[in-house]
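Model the following, please.
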Amino acid sequence: MAFHFTDENFNTEALSGELPVLVDFYADWCGPCKMLAPIIEALAPEYEGKVKIGKLNVDNAPDTAQKYGIMSIPTLLFIKNGEVVNKIVGLVSKADLEEALNSL
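Numbering: from 1, shown residues only. As a prediction, the model looks like this:
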């Protein structure tokens with residue numbers, strides 16, 4: 001199951017861990033986000049121990065969304081050593097997501 005990031009835990013859980021991190025910025029009302037959700041949930045156990053995969057609801061965590069300039073959702077941020085190393089905006093296929101994760 002994907003981790004749930006919040007404004008309160010983002011710095012600790014996404015920026016200071018040893019593993020690379022994928023953050024899915026989403027909202028419950030977003031259609032493409034709902035289409036991406038099962039892919040994120042399927043990948044989380046596959047990459048356990050290699051990449052921390054989680055979701056951040058922009059309605060519940062506006063400070064973090066604003067800090068990273070999230071204008072469209074879904075937006076996927078790939079974080080390594082506390083730095084954003086890749087960003088994908090919009091709906092992507094599982095294969096494209098796996099390719100981006102493997103490049104971490």
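
can we go C-alpha only for contacts and neighbour counts from here?
Fine.

which one's the longest helix in the protein?
In the chain, taking DSSP state H as the definition, the longest helix is helix 31-46.

The most centrally placed residue in the chain pairs with what?
By C-alpha atoms, centre = their mean, the chain has its centre lying nearest to V23, at 1.5 Å. Taking DSSP bridges as the rule, V23 bridges to G54, L77.

so it touches N57, yeah?
No - using C-alpha atoms under 8 Å, V23 is not in contact with N57, being 10.1 Å away.

joint contacts of these two?
F5 (C-alpha atoms under 8 Å, 6 or more residues apart in numbering).

about what we covered before: residues in contact with the residue nearest to the centre of the chain?
F5, A14, I53, G54, K55, L56, L76, L77, F78, I79.

top of those residues by neighbour count?
I53 (27 neighbours; other C-alpha atoms under 10 Å).

Now it: closest residue in space, sequence neighbours ignored.
L22 (4.8 Å; C-alpha to C-alpha, 6 or more residues apart in numbering).

cool, I40 as well?
A2 (6.9 Å).

and the most far-flung residue of the chain relative to its centre, how far is that from I73?
Most distant from the centre of the chain: W29, at 17.2 Å, with distances by C-alpha atoms, centre = their mean. Per C-alpha to C-alpha, to the nearest Å, W29 is found 10 Å from I73.
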